[in-house]
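Asks: return a 3D structure for these sequence lines:
(2 chains)
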Protein chains: 2
Amino acid sequence: MQFGHFDDVKKEYVITSPKTPLPWINYLGSENFFSLISNTCGGYSFYKDAKLLRLTRYRYNDTPLDQNGRYYYIKDGDTVWNPGWQPTQTPLDSYECHHGLGYSRFVSSKNLVAAELTAFVPLADSCEVNRLMLTNNGTEEKTLALTSFVEFCFWNAVDDMTNFQRNFSIGEVEIQGSEIYHKTEYRERRRHYAVYAVNCPIDGYDTDRDAFLGAYRGNDRPETVLRGTAGNTVASGWGVIGSHHIDVTLKPGESRSFIFVLGYCENAADDKWEAPGVINKKPAKEMLSHYQTDEQVDAALAELASYWDGLLAKYALTCADEKLGRMVNIWNQYQCMVTFNMSRSASYFESGTGRGMGFRDSCQDLLGFVHLIPDRARERLLDIAATQFEDGSAYHQYQPLTKKGNMDIGSGFNDDPLWLIAGCAAYIKETGDFSILDEQVDFDNDSTKAQPLMEHLKRSFDFTVTHLGPHKLPLIGRADWNDCLNLNCFSAEPGEPFQTTGPSEGPVAESIFIAAMFVKYGKEYAAICRRRGNEEEAVYAEKEVEKVYQAVLDAGWDGEWFLRAYDAAGEKVGSKECEEGKIFIEPQGFCVLAEIGVKEGLAEKALTSVKNILETKYGVVLLQPAYTKYYLNLGEVSSYPPGYKENAGIFCHNNPWISIAETVVGHGNRAFDLYRKICPAYIEDISEIHRTEPYVYSQMIAGKDAAHFGEAKNSWLTGTAAWTFVNVSQYILGIQPDYDGLTLNPCIPSDMEEFKIRRYFRGAWYNITFKNPEHKEKGVSSLTVNGTAVEGNLIPITEGCTEYDVVAVM
Amino acid sequence: MQFGHFDDVKKEYVITSPKTPLPWINYLGSENFFSLISNTCGGYSFYKDAKLLRLTRYRYNDTPLDQNGRYYYIKDGDTVWNPGWQPTQTPLDSYECHHGLGYSRFVSSKNLVAAELTAFVPLADSCEVNRLMLTNNGTEEKTLALTSFVEFCFWNAVDDMTNFQRNFSIGEVEIQGSEIYHKTEYRERRRHYAVYAVNCPIDGYDTDRDAFLGAYRGNDRPETVLRGTAGNTVASGWGVIGSHHIDVTLKPGESRSFIFVLGYCENAADDKWEAPGVINKKPAKEMLSHYQTDEQVDAALAELASYWDGLLAKYALTCADEKLGRMVNIWNQYQCMVTFNMSRSASYFESGTGRGMGFRDSCQDLLGFVHLIPDRARERLLDIAATQFEDGSAYHQYQPLTKKGNMDIGSGFNDDPLWLIAGCAAYIKETGDFSILDEQVDFDNDSTKAQPLMEHLKRSFDFTVTHLGPHKLPLIGRADWNDCLNLNCFSAEPGEPFQTTGPSEGPVAESIFIAAMFVKYGKEYAAICRRRGNEEEAVYAEKEVEKVYQAVLDAGWDGEWFLRAYDAAGEKVGSKECEEGKIFIEPQGFCVLAEIGVKEGLAEKALTSVKNILETKYGVVLLQPAYTKYYLNLGEVSSYPPGYKENAGIFCHNNPWISIAETVVGHGNRAFDLYRKICPAYIEDISEIHRTEPYVYSQMIAGKDAAHFGEAKNSWLTGTAAWTFVNVSQYILGIQPDYDGLTLNPCIPSDMEEFKIRRYFRGAWYNITFKNPEHKEKGVSSLTVNGTAVEGNLIPITEGCTEYDVVAVM
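Replies: Here you go, the predicted structure:
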């Protein structure tokens, strides 16, 4: 069952029912100011940091679902309705929500009045613009009362929802004309305020939430709105809202637009006030002046569209499969950009109050957006590397505002260092910019410890070399990629963190997954060393890689699949000898992806086991059989009910690893089958089962052991976006950035006869046509570049050439 | 305007409108299991710790106000209503909420069906019992559908409202007959679960919140309830509720009762399961067996009533002023017990997730309940003292579950040590139990550092002696009683804690308030030393007290009032020389209360200044003029908008100090005037202004500088309860426990001609009649004990006497 459809021309997903299974959201903003917006106008806004500088209040896990947002009430006689349906939930005569790239548009109507609400964050300012266009489609004059509504958050989102003995006394506002200023705590140490304004005179306002709503009422039926007149209330303490009241008369056929702006403004410490107790409004006035007319708004929207068109043009696929096209060209890349902006902070599943930027997460996310924004990827890499310790290990997380590592979870996730190599290699392959390796980068955010980035990579590499266990496999530490596999923690008390309770790190527990990473990214390290002229280091690295490769063959193979790990007692994890959790997905994917066991024939076996044991109709589950009870020696993985999350859920992030692995062994049909299984566009028609947005990936789909098999959770902020884009763009469609240029190595379904990709790479445009007349699954048999046949599958870079026309025949 | 009335016979406050200005709540529970319950059935339950073991989910600062509670839906034809009005808000034909001692009763009716819902936590079990009695008052048979509802919290209240990426996947339940078991996380490390059951067969159940409510619906109109049939849903992840569906047929005149129990159960680690994946229900079955019949419930209610009657009988006033009587006999003592149980953790203003037990708070609270529960006060004192450091300073807070000091705010609040002396002195005076001083008590919760409690008191005393500043006045440290006066912190960045940013402690900033405390409680320390036979220490202590007394006279007097402090630069705080904050309440109250400046004539002057400058019609504000801007050198006090909280709000806690001070100088009329101003029963008729419950004190009433002058906030959990009871019981009514017995020293309004008090003291009952034929304001001129005239105002203790009849003539 569908609740909407894709509009590939406008690059929109058009939702046609407000009652989606879960709120389906979009992200607005691309630099500092961000908003989450659902298909019923729910969500909230923040400046840079969703925890510390939250502008509006959102109520997570609320009933009714998805409460609070930017709401516009239209009172037409006795009927009060909202363009986005919520919060009144008044049935609409028509409704559409168009989630586009950086904007959302609501097109709806009721009783011959049409509303078109366009919400976006302009590129140039720290604000959300909401243009509401009302049209009288009837034959008689309409007198309407329009009431806007946002509820302000008192900046720190955690304090805002816990510290009421203080917060109920501190709310402050100023109102000037059509501008409402939220200035709580500005009187003391803050230098920022929020403004909520509209581009026309108003007939009233409200800022006191409880007076606006009336006693014991919700947003669904504010007393003020039903009454049709504003209270002109000035909030002092309690809940602070911004609400404009505008009386509107529309002749038959007449349209009128209203431009609302919710913005964030800062002043210098010595320029906070324009008079005692009166805030300096200059920056707000300046910002508001940019959005006073429809022409200005149209221009800002055009600029935004142009920004996104420019980005997405960098990898554009033309093919017969429209679902593949829309995912590759639009939604997958779009989601990658959102993970760049958000990391794992703010979604409808991440409350924006917790995790900072993850070391591992951010390196992986980068794989998905480095081709779009290489400069910002460069900056990100340097930020990440600066949180590394001198021994090569790293803070597992760092704060987005300060960019400093934090000790909440600390260090000791032994895969972390290798992800830095992965990220740097991807950046260099994309850009050819080896100069990044010469950048001086702090260790532990301490500038006295700065070293060239190249030295960081060496420490990353050596960290694994110096942290091997009894089987010569890498020690796992607190956890590897699977944060929930905690082999050195033995937590028996509720509330203890699974990752940091007990010894956390130990000399025995080993990870085959990290071994695979070391083989893959160790080879990258060697390649980088060689290209930098350090042959000695390259040879050293290759020898160390070879040793770990051998260790996996010696101690990491279970007969039909790769083992997952050895625990702190030296017992196997993910083995046929185990009672539960006999086979895990991660080592099968990553070992093969690292080409371990390919020549020995183990890769095919491992993938067959995945197909036979782990694959389901909705994707590949993480492990089988699911853990039915808690294992002290395994940690959090066994804490989830069977079928959810890491305990045998379809953890989407690692599904592309299996798909990539299939390409490694040349199985184009299999790889594409796996790609499609979790790909949102392909499962749009089971939205009533899948439940999350059909245009973006979710972190997890409940596995076959779960009550709700096939139900997805934690949409948007997941490494799935990056890895799937790597999979489809590089391994399936086969355009691989390499140190010397683009190489072509497609691995596709055999019935795919032709496809074209226009790709931007190092200052030039590549128009590549793939032809597959013989219905092969993998490889390129002939290559023509600008009319000239070329040996091999590398497109040589021609100095000064900015347009390459390439034909690759499989 | 009133929203209800007192019923002094039943010891209830009877609320007659569900739409009170704010939710008016009550507390259920007296040992381990507690519930908050509002006049519309809102609130939540927890076991021991409101943060870590929360049973049900509550949504703070929600709209509509006060969402979630224990709800009973009654469907009668097309009408669905709740006995407590919320959440359907269906208008009721009649409504009363009776908040009593440890129970709340809702009596309401709709369409000839009457409901009586009684909620309480029995003394004997860890559960809340809800008995719902339905009666058909019509002449025709009624067919009703009864649906119960609670929403479960996933135990840790902070995690529950932030960690959705995990929590939406972990919810688990079991249903057995009429019993619903909430067992989220029981499968891993928890050994506890919740049970929600009813004492009759059911016709259906629901545990999946979203299925129960229906898409995008709130508790106000659950689809299941409106439909009239249960969904029999089994929750798996997402929101977990407990809901029973019972079809009820009532003949004309017929009544039927339903007993619902929400309980907390624990199992031993090796006895968690009765079968794989099936929880051991033995403790639940045992608990439920106690509440199967009306007789059992009646017995438990009677036991509860008897418990409270026994407690409150310990101080019982008979007088002509019914408002005074109900506050002294019922509500003030009741509130003191609630502060004993809750400290500052869970109210409708304290989210239950933050502060632990305060060192200072708990010592002060004890002053109000030591006469009620001396044994538990003893235990509390030993817990508190164990968090003291060896140098006499103390952790400012400690955790209720572990009883260990916590470093969230750390130490350095230099008044803390002296509160320990205050608490111990009060305990010994009440009980005569000097043996407490011989108890071995840890320092810093380290048993190897244990010393007798007497040594703790010495370290407390000496801490001040060794921490004096340039004027020989006590150093303030991070703050004294006024946590917001932060003279050693200089925070300029938002989000920094005001108390711990910057140096926090310093060698210059001094507190006149701590000086007054030192004089008062230093004298107590000397008295205790003397009674313990340590004359040398007593003399030493008295000399140190005298020095500080002199220092206050020398450097703490501003001409018309006492100074508040010296800041880190040695500048005066609370002086006529200041631009704002010229006069503070605390030193005026506490200096006079400590008898500083009485003989010098300063006390009267200071109190006159309070009357002229600080007093308002709603109470005495904390300071004047209010700070209109942020002062880096003063800290949090200047962060509040003028008129709120410590910045010139009526901070009720310190109002009784002024009242006591007036008794010290013999002003009975003034003292009582001040007592009445903030006393809830006396301002019941301005509930529309006061807004919080008219039966308990609030922490703060907005001052005259605020927009909402007279509006109270932060009701229930405030030291106001204890200090007001000390004021009214000891200083106004004048029964003062002393080391050698009760002394009588009333200071009353001159028109009060007679009053009687029955008081329990050290195993005996005292029936004391005060007569004031000459309309005096203070003192006792003659005393008769059991018919014999006695010199002075001490009632001598007669060995073996268990009943004293006392007549005191003023």
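Asks: poorly predicted segments of the stretch 351-500 of chain A, please.
Replies: A:355 (pLDDT under 70).
Asks: hmm, try it at 50
Replies: Along the stretch 351-500 of chain A, the model assigns pLDDT under 50 to no residue.
Asks: got the domain ranges for chain A?
Replies: A:4-287, A:313-342+A:681-810, A:353-466, A:474-647 (automatic domain parsing).
Asks: so A:Asp270, which of the three states?
Replies: Classification of A:Asp270 using DSSP: H, G, I helix; E, B strand; the rest coil returns helix.
Asks: which SSE is the most centrally placed residue in chain A in?
Replies: Centroid check for chain A by Cα atoms, centre = their mean gives A:Thr339 as the closest residue, at 2.7 Å. According to DSSP states H and E, A:Thr339 maps onto helix A:332-342.
Asks: all strands of the stretch 551-700 of chain A, in order?
Replies: For the stretch 551-700 of chain A, the strands defined by DSSP state E, counting those that start in this stretch occupy A:565-566, A:572-573, A:583-584, A:615-616, A:619-620, A:623-624, A:650-651, A:698-701.
Asks: okay, those in TSV with mean neighbour count, distance to chain B and mean pLDDT next?
Replies: Every residue, glycine included, has its C-beta placed from N, CA and C. Shown next, in TSV, are the strands of the stretch 551-700 of chain A (neighbours: other Cβ atoms under 10 Å in any protein chain shown; distance: least, Cβ to the nearest Cβ, whole Å; pLDDT from 0 to 100):
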stretch	mean neighbour count	distance to chain B	mean pLDDT
strand A:565-566	28	20	98
strand A:572-573	22	18	98
strand A:583-584	28	19	98
strand A:615-616	20	17	98
strand A:619-620	26	16	98
strand A:623-624	25	15	98
strand A:650-651	30	11	98
strand A:698-701	28	7	98
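Asks: rewinding a little: tell me the helix or strand right after the helix holding A:Thr339.
Replies: strand A:357-358.
Asks: ok, the nearest residue to A:Phe34 once chain neighbours are set aside - contacts?
Replies: Using Cβ to Cβ, 6 or more residues apart in numbering or on different chains and skipping residues adjacent in sequence, the residue nearest A:Phe34 is A:Phe46, 5.8 Å away. With contacts defined as Cβ atoms under 8 Å, 6 or more residues apart in numbering or on different chains, the neighbours of A:Phe46 are A:Phe33, A:Phe34, A:Ser35, A:Leu53, A:Arg54, A:Leu55, A:Ala157, A:Ala346, A:Gly352.
Asks: with A:Asp438 instead?
Replies: A:Pro452, A:Leu453, A:Met454.
Asks: distance of the second one relative to A:Ile528?
Replies: Per Cβ to Cβ, to the nearest Å, A:Leu453 is found 11 Å from A:Ile528.
Asks: where does the residue of chain A most remote from its centre fall, phi/psi-wise?
Replies: The outermost residue of chain A relative to its centre, with distances by Cα atoms, centre = their mean, is A:Glu140 at 47.6 Å. Main-chain torsions, A:Glu140, degrees, to the nearest 10: phi -120, psi 160.
Asks: and the residue of the stretch 1-150 of chain A nearest chain B?
Replies: A:Pro64 (4.4 Å; Cβ to the nearest Cβ).
Asks: hmm, the strand ranked longest in chain A touching chain B?
Replies: Taking DSSP state E as the criterion, chain A has its longest strand at strand A:142-155. Yes - Strand A:142-155 reaches chain B (Cβ under 8 Å from any Cβ of the partner chain) through A:Trp155.
Asks: figure out how far the helix or strand immediately after that strand in the chain is from the centre of its chain.
Replies: Counting by DSSP H and E, the next helix or strand C-terminal to strand A:142-155 is helix A:157-160. Put simply, helix A:157-160 sits 23 Å off its chain's centre (Cα atoms, centre = their mean, to the nearest Å).
Asks: and if you look at stretch A:34-42?
Replies: 16 Å.
Asks: cool, stretch A:455-472 as well?
Replies: Between the centre of stretch A:455-472 and the centre of its chain there are 30 Å (Cα atoms, centre = their mean).
Asks: what separates A:Lys323 from chain B, distance-wise?
Replies: 27 Å (Cβ to the nearest Cβ, to the nearest Å).
Asks: ditto for A:Glu536
Replies: Taking Cβ to the nearest Cβ, one finds A:Glu536 at 45 Å from chain B.
Asks: pLDDT score assigned to that residue?
Replies: We have a pLDDT of 98 for A:Glu536.
Asks: how about it, phi and psi?
Replies: phi -60, psi -50.
Asks: so what's it up against?
Replies: Listed by Cβ under 8 Å, 6+ apart, A:Glu536 has no contact partners.
Asks: just the buried ones from the contacts of A:Asp438?
Replies: A:Leu453, A:Met454 (16 or more other Cβ atoms under 10 Å in any protein chain shown).
Asks: show me which residues of the stretch 451-600 of chain A sit near chain B.
Replies: A:Ser491, A:Ala492, A:Glu493, A:Pro494, A:Gly495, A:Glu496.
Asks: go again using 6 Å as the cut-off
Replies: Counting by Cβ under 6 Å from any Cβ of the partner chain, the stretch 451-600 of chain A comes close to chain B at A:Ala492, A:Glu493, A:Pro494.
Asks: report the mean per-residue pLDDT for stretch A:596-608.
Replies: Here the average pLDDT along stretch A:596-608 is 98.
Asks: mind listing what's buried in stretch A:535-549?
Replies: A:Glu537, A:Ala538, A:Tyr540, A:Ala541, A:Glu542, A:Glu544, A:Val545, A:Val548, A:Tyr549.
Asks: nope, stretch A:594-613 is what I meant
Replies: A:594-598, A:602-607, A:609-610, A:613.
Asks: and for the closest residue to A:Arg59 other than its chain neighbours, the neighbour number?
Replies: Among residues not flanking A:Arg59 along the chain, A:Gln67 sits closest, at 4.7 Å (Cβ to Cβ, 6+ apart). By other Cβ atoms under 10 Å in any protein chain shown, 25 other residues sit near A:Gln67.
Asks: isn't A:Gln67 right up against A:Tyr60?
Replies: No - with contact defined as Cβ atoms under 6 Å, A:Gln67 does not count as touching A:Tyr60 (9.2 Å).
Asks: ok, back up a step: excluding its backbone neighbours, what's nearest the residue of the stretch 1-150 of chain A closest to chain B?
Replies: Using Cβ to Cβ, 6+ apart, the closest residue to A:Pro64 is B:Gly218 (4.4 Å).
Asks: and that neighbour, what are its phi and psi?
Replies: For B:Gly218, the backbone dihedrals (degrees, to the nearest 10) come out as phi -100, psi -180.
Asks: what is the neighbour count of it?
Replies: B:Gly218 has 19 nearby residues by other Cβ under 10 Å.
Asks: kindly report the same for A:Glu646.
Replies: A:Glu646: 24 neighbours (other Cβ under 10 Å).
Asks: how about it: what's its closest non-neighbour residue?
Replies: Per Cβ to Cβ, 6+ apart, closest to A:Glu646 is A:Cys484, 4.2 Å.
Asks: contact partners for the one you found?
Replies: By Cβ atoms under 6 Å, 6 or more residues apart in numbering or on different chains, the contact set of A:Cys484 is A:Glu636, A:Val637, A:Glu646.
Asks: please apply the same query to A:Tyr731.
Replies: Contacts for A:Tyr731 (Cβ under 6 Å, 6+ apart) come out as A:Ile660, A:Thr663.
Asks: SS state for it?
Replies: Quick answer, by three-state DSSP: A:Tyr731 is helix.
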